[in-house]
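Undergrad: Dropping the sequence and predicted coords here.
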Amino acid sequence: MVDASEMAEARARMIAMRFGGKSTSTGGKGTVRRKKKAASRSSAAQTDVKLSAALKKLGATNIPGIEEVNFFKEDGKVIHFVNPKVQASIAANTYIISGHSETKPLQELLPSIVSQLGVNDFSQLQQVAQQAAAGGVGAVPAVDDDDDDVPDLVDGNFEEVSEA
C-alpha cells in the first residue's frame, strides 16, 4: 500500500494547508478567495441607525411646521434651533429635536423671545435690564410694565365709575 515516507509527506502538506500554509482562501474547498478587507461603517452611521431604531420603538412621529425651538439654560443662555426636525412620542412623554443649534445669550434674542419667557426667565430679564441701565453698553430696551389698558379696581358700582 502506502509507505511511511509518503504518509508523513501527505500529513505535512495537509497541516500546512490547514494551519496557515500558502493558502489564501478563508473557507474550505471551493470558496472564493478574499481579495480585500471589507470596510466597516463609521461609528456615526452606526449611531444614527441605532438612534432611528430606538425612535421607531418609541413610536415617535414627525411634527411639521415648527420654525424655531429655544431651550433656556439656568446661566442665562439660550440654545436656539432654527427650522429643527421635531419628533414626538406622546405616550413616552418624549420629544426629539434635531438640527443645527446655536448657544446665544438671552440679550441677542430678546425682542422676539419675550412671549416664550417663563417666571424664572423674567428674573433673568430683570437682571439684564439692570445691567443695561447700570452699564449702558449693549443696552436693551426695558420691558414696558405699564398696564394702561386695565383700569384699577374700584369698590362699588362699576357702571358709575365708567360713566364718569
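TA: All right, it came through fine.
Undergrad: List the buried residues of stretch 50-57.
TA: For stretch 50-57, the neighbour count (16 or more other CB atoms under 10 Å) marks no residue as buried. All C-beta atoms are positioned from the backbone trio N, CA, C, and that covers glycine.
Undergrad: Outside of it itself, list whatever touches it.
TA: Residues from elsewhere that reach stretch 50-57, judged by CB atoms under 8 Å, 6 or more residues apart in numbering: 87, 89, 96.
Undergrad: all strands of this structure, in order?
TA: With DSSP state E as the criterion, the chain has strands at 61-63, 68-72, 77-82, 85-89, 94-98, 101-105.
Undergrad: Would you mind measuring from residue 82 to residue 51?
TA: Per CB to CB, to the nearest Å, residue 82 is found 22 Å from residue 51.
Undergrad: try residue 104
TA: 26 Å.
Undergrad: so can I have TSV of the contacts of stretch 50-57 showing pLDDT and distance to residue 40?
TA: Shown next, in TSV, are the contacts of stretch 50-57 (pLDDT from 0 to 100; distance: CB to CB, whole Å):
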residue	pLDDT	distance to residue 40
87	89	28
89	87	31
96	88	27
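Undergrad: Helices of this structure, residue ranges please.
TA: Along the chain, counting by DSSP state H, helices occupy 4-18, 43-58, 110-113, 119-135, 158-163.
Undergrad: and residue 75, which of the ones you listed is closest to it?
TA: When the helices of the chain are compared by CB to CB, helix 119-135 sits nearest residue 75, at 9.1 Å.
Undergrad: Count the neighbours of residue 38 for me.
TA: By the measure other CB atoms under 10 Å, the count of residues near residue 38 is 5.
Undergrad: same check, this time on residue 60
TA: The burial count for residue 60: 20, using other CB under 10 Å.
Undergrad: Need the pLDDT of it.
TA: Listed pLDDT for residue 60 reads 85.
Undergrad: if I look at it, how far off is residue 134?
TA: According to CB to CB, residue 60 stands 47 Å off from residue 134.
Undergrad: Tell me, how many residues neighbour residue 69?
TA: Other residues within reach of residue 69, judged by other CB under 10 Å, total 17.
Undergrad: Residue numbering should commence at 27 henceforth.
TA: With the count now opening at 27, the last piece we talked about shows up as residue 95.
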